[in-house]
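[1] give me the fold of what follows.
(one chain, ligands or ions: 2)
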Amino acid sequence: MLSIQNLNQYYGQSHTLWDLAFDVPANSCTCILGRNGVGKTSLMQSIMGLAPKVTGSVLFNGENLVEMAAEKRAPKGIAYIPQGRQIFAQLTVEENIRTGFFASRASHRRVPDEIYQLFPVLEEMKGRRGGDLSGGQQQQLAIARALVLDPTLILMDEPAEGIQPTIVQEIGDVIQRLTRERNITVLLVEQKLPFARRVGTDFVVLDRGRLQASGEMHELSDELVQQHLNV
Ligand SMILES: Nc1ncnc2c1ncn2[C@@H]1O[C@H](COP(=O)(O)OP(=O)(O)OP(=O)(O)O)[C@@H](O)[C@H]1O
Ligand SMILES: [Mg+2]
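    Ligands and ions are numbered 1, 2, ... in the order given. As a prediction, this is how the structure comes out:
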């Protein structure tokens, strides 16, 4: 589905990602694990074309995204939910969801019912302003907005950050439904290990911009966790 090969990324003179290589299997939830500042967000932005200088290849269904303009990538079926969610505080919930259509392949502009079925709270709050929602509701809104793209791959950057535990649980359930019921592949940045272990099927560990290990989630050893993650 997604294959990263020899990926390097730079901010000016500073070399952030070093020779990354890993695959994201179709229908997996692959978790990018690593401490603060190791390059997780830079990796997501490199995939989306939002990082300044990237070399190597990011093959998505065989096409190299690195050679493609950023605005051509989302219409290929890749949705990106950035760290901090970035919903529009002044727009209503429904208007926020509809902004997802800007990058969409869909010809219709109606919010599909199934999105509200997945997130009933958003239907109840359709007319409220995005800024009035709780952190957990805003995260659900960010996922809903990504879904109108009808993506086959969703990149999520720390969706559980700053959200109360019961809602984290619900967001985990939604991620599992996306991969199991809707054939969506998820590439998830996550620092909370219990959450990653629950929803993730595969993992990639980054440390200081380099790949330290990757594999299936059940292969993630305590030794790796102690060496490269906060426990
Ligand atoms: N726009 C930028 N310009 C210059 N350096 C940057 C920029 N964005 C990030 N960096 C640097 O690149 C490195 C990786 O940052 P990045 O945000 O990718 O890490 P992260 O793993 O997502 O961190 P966090 O867990 O805190 O979100 C850090 O050293 C950071 O200071
Ligand atoms: Mg980050």
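[2] run through the residues that contact the most centrally placed residue in the chain.
    Nearest to the mean C-alpha position of the chain, counting by Cα atoms, centre = their mean, stands residue 156 at 1.6 Å. Under the criterion of Cβ atoms under 8 Å, 6 or more residues apart in numbering, the contact list for residue 156 reads 81, 143, 175, 186, 187, 188, 189. (Each C-beta comes from the backbone N, C-alpha and C, glycine too.)
[3] restricted to strands, list these.
    Of the positions in those, 81, 186, 187, 188, 189 sit in strands, assigned by DSSP state E.
[4] and which of those is nearest to residue 161?
    Sorting the ones in strands among the contacts of residue 156 by how near they are to residue 161, with Cβ to Cβ, puts residue 189 at the top with 9.3 Å.
[5] list the contacts of that closest one.
    For residue 189, the set of contacting residues under the criterion of Cβ under 8 Å, 6+ apart consists of 31, 32, 40, 41, 43, 44, 83, 156, 157, 158.
[6] number of residues surrounding the nearest residue to the first one once chain neighbours are set aside?
    The reference is to residue 31. Distances taken as Cβ to Cβ, 6 or more residues apart in numbering put residue 200 closest to residue 31, at 3.8 Å, once the chain neighbours are dropped. The criterion is other Cβ atoms under 10 Å. On that basis, residue 200 has 25 neighbouring residues.
[7] how many other residues sit next to residue 146?
    By the criterion of other Cβ under 10 Å, residue 146 has 23 neighbours.
[8] can you classify it by secondary structure?
    Classification of residue 146 by DSSP: H, G, I helix; E, B strand; the rest coil places it in helix.
[9] ok, now which ones touch it?
    With contact taken as Cβ under 8 Å, 6+ apart, residue 146 is in contact with 79, 80, 81, 100, 154.
[10] the residue of the chain found nearest ligand 2 in helix, strand or coil?
    The nearest approach of the chain to ligand 2 comes at residue 41, 3.1 Å away (Cβ to the ion). On the three-state scheme (three-state DSSP), residue 41 is labelled helix.
[11] I figured it hits residue 157, correct?
    Yes - counting by Cβ atoms under 8 Å, residue 157 is a contact partner of residue 41 at 5.7 Å.
[12] picking that back up, return only those of the contacts of residue 189 found close to ligand 1.
    Of the residues in those, proximity to ligand 1 by Cβ under 6 Å from any ligand atom holds for 40, 41, 83.
[13] and stretch 127-140, C-alpha only, in CSV?
    The C-alpha coordinates for stretch 127-140 follow below in CSV (Å, rounded to 0.1, in the frame of the first residue of the first chain):
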residue,chain,number,x,y,z
GLY,A,127,-24.8,23.6,14.2
ARG,A,128,-22.3,24.4,17.0
ARG,A,129,-19.1,26.1,16.3
GLY,A,130,-16.0,24.0,16.2
GLY,A,131,-14.3,26.1,18.8
ASP,A,132,-17.0,25.2,21.3
LEU,A,133,-16.4,21.5,21.2
SER,A,134,-14.3,19.5,23.7
GLY,A,135,-10.9,18.2,22.7
GLY,A,136,-12.3,14.7,22.1
GLN,A,137,-15.2,16.0,20.0
GLN,A,138,-12.8,18.1,18.0
GLN,A,139,-10.7,15.0,17.3
GLN,A,140,-13.8,13.2,16.1
